[in-house]
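Novice: I need the structure of the sequence given here:
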Amino acid sequence: MTVRVANAPVNFGIYRADRAPLAATELLAELADAGYDGIDSGPIGYLGTAGTLTGHLADAGLALAGGWIDLRYGDEGGFTADLAGLDAALDVFTSVPVADPRFAPRPTLACPDNPERCARPGRAHGTVADWAGFAARVQRAADRCRDRGLEPVFHHHLGTDVESAEEVERLLEATDVSLCLDTGHLHLAGGDPLAALRDWAPRIKQVHIKDASRERLEATVAAGGDFTQAVRDGAFRPLGEGEIDPADVVAVLRETGYTGWLVVEQDAPETGTRLGDLLAAQRANREALRKAGIR
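Specialist: Just a heads-up that it's a prediction; the model follows:
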């Protein structure tokens with residue numbers, strides 16, 4: 001196993017560049033000091049543009065692990081319109097020098113929120129009416145990334161059209177896209193992340209290591225809450241405080257010989273959490289991985 005550990009703006013509730021609780025350069029410095037090797041881009045533009053990003057990363061001594069781009073795969077017109085956003089993200093990613101291609105930025109292809117699924121996270125199924133068209137558009141997006149010299153990964157996620165292990169499996173069978181395995185999202189969707197790491201190992205090109213609590217998700221849903229409320233209620237936990245032992249995840253990654261970025265994620269609400277607590281949580285997450293054997 002050869003891994004580098006990255007963090008992500010999502011851990012600080014940063015979903016829009018204009019609503020970030022701290023400047024990108026400050027976040028980069030804090031994460032470098034905590035022992036991280038890299039960072040996910042977060043919303044495109046937050047860390048910098050194609051003209052400034054490289055300098056910001058170099059100043060902190062961090063590399064770029066990749067970044068999220070959602071496209072409307074279920075709708076041809078929406079998908080075509082969204083390609084401009086994909087191209088803009090690829091412009092940013094390809095502007096960053098890469099010393100080791102094993103750790104090049106991964107364009108993280110994903111779906112936008114599905115209101116039906118956000119209302120019932122992990123429970124609404126059958127929302128893709130045309131799987132053949134959906135998969136064909138995922139393939140087109142993947143090919144577009146490869147044309148720019150980057151290997152994309154598809155990210156399954158609660159509240160979107162691809163949540164469950166069965167849906168991930170269906171997408172993998174219908175495309176050749178690589179996978180970003182998110183341990184927390186798969187767990188909350190009823191899957192077994194350790195089995196998935198083994199079963200899909202040849203297709204996994206990035207891992208988001210995330211702890212989670214089905215108990216908290218169940219309590220939120222029982223009270224009528226949606227995915228956003230589940231995040232506020234702490235369904236995503238600090239590493240080692242939920243139902244996924246980070247040491248077990250690391251052991252399986254060693255077993256399968258995983259090479260690539262290990263991105264620490266702990267989805268945080270956009271507001272309502274003290275910045276000092278968020279920073280402390282990400283230091284604790286890095287320490288949890290050290291205890292699990294990732295130096």
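Novice: from here on, contacts and neighbour counts on C-alpha atoms
Specialist: Noted.
Novice: What is the burial count for Pro101?
Specialist: Pro101 has 11 neighbours, counted by other CA atoms under 10 Å.
Novice: which residues in the chain form helices?
Specialist: In the chain, the segments counted as helices under DSSP state H are 24-33, 53-60, 76-94, 115-119, 131-147, 165-174, 183-188, 193-199, 214-222, 227-232, 246-256, 275-291.
Novice: Run the chain-centre distance for the longest one.
Specialist: It refers to helix 76-94. Computed by CA atoms, centre = their mean, to the nearest Å, the separation of helix 76-94 from the middle of its chain amounts to 18 Å.
Novice: circling back: go through the helices of the chain and pick out the most buried.
Specialist: Mean neighbours per residue, mean count of other CA atoms under 10 Å, is largest over the helices of the chain for helix 183-188, with a mean of 26.
Novice: Residues in contact with that one: which ones?
Specialist: 122, 156-158, 163-165, 192-194, 207-214, 217, 236, 244 (CA atoms under 8 Å, 6 or more residues apart in numbering).
Novice: do stretch 160-175 as well
Specialist: So stretch 160-175 is in contact with 111-114, 117-118, 122, 127-128, 132, 135-136, 138-139, 156-157, 178, 185-186, 189-191, 196, going by CA under 8 Å, 6+ apart.
Novice: Send over that stretch as PDB, restricted to the C-alpha atoms.
Specialist: What follows is stretch 160-175 as a C-alpha-only set of coordinates in PDB (Å, rounded to 0.1, in the frame of the first residue of the first chain):
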ATOM      1  CA  THR A 160     -28.200  11.400  -5.200                       C
ATOM      2  CA  ASP A 161     -29.100   8.900  -7.900                       C
ATOM      3  CA  VAL A 162     -26.300   6.500  -6.900                       C
ATOM      4  CA  GLU A 163     -26.400   5.600  -3.200                       C
ATOM      5  CA  SER A 164     -26.500   1.900  -2.700                       C
ATOM      6  CA  ALA A 165     -24.000  -0.900  -3.300                       C
ATOM      7  CA  GLU A 166     -26.400  -2.300  -5.900                       C
ATOM      8  CA  GLU A 167     -26.500   1.000  -7.800                       C
ATOM      9  CA  VAL A 168     -22.700   1.300  -7.700                       C
ATOM     10  CA  GLU A 169     -22.400  -2.200  -9.000                       C
ATOM     11  CA  ARG A 170     -24.800  -1.500 -11.800                       C
ATOM     12  CA  LEU A 171     -22.800   1.600 -12.800                       C
ATOM     13  CA  LEU A 172     -19.500  -0.300 -12.700                       C
ATOM     14  CA  GLU A 173     -21.000  -3.000 -15.000                       C
ATOM     15  CA  ALA A 174     -22.300  -0.400 -17.500                       C
ATOM     16  CA  THR A 175     -19.100   1.800 -17.700                       C
END
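Novice: What is the neighbour count of the nearest residue to Arg216 once chain neighbours are set aside?
Specialist: The shortest distance from Arg216 to any non-neighbouring residue, by CA to CA, 6 or more residues apart in numbering, is to Ala235 (5.2 Å). The tally of other residues near Ala235 (other CA under 10 Å) stands at 28.
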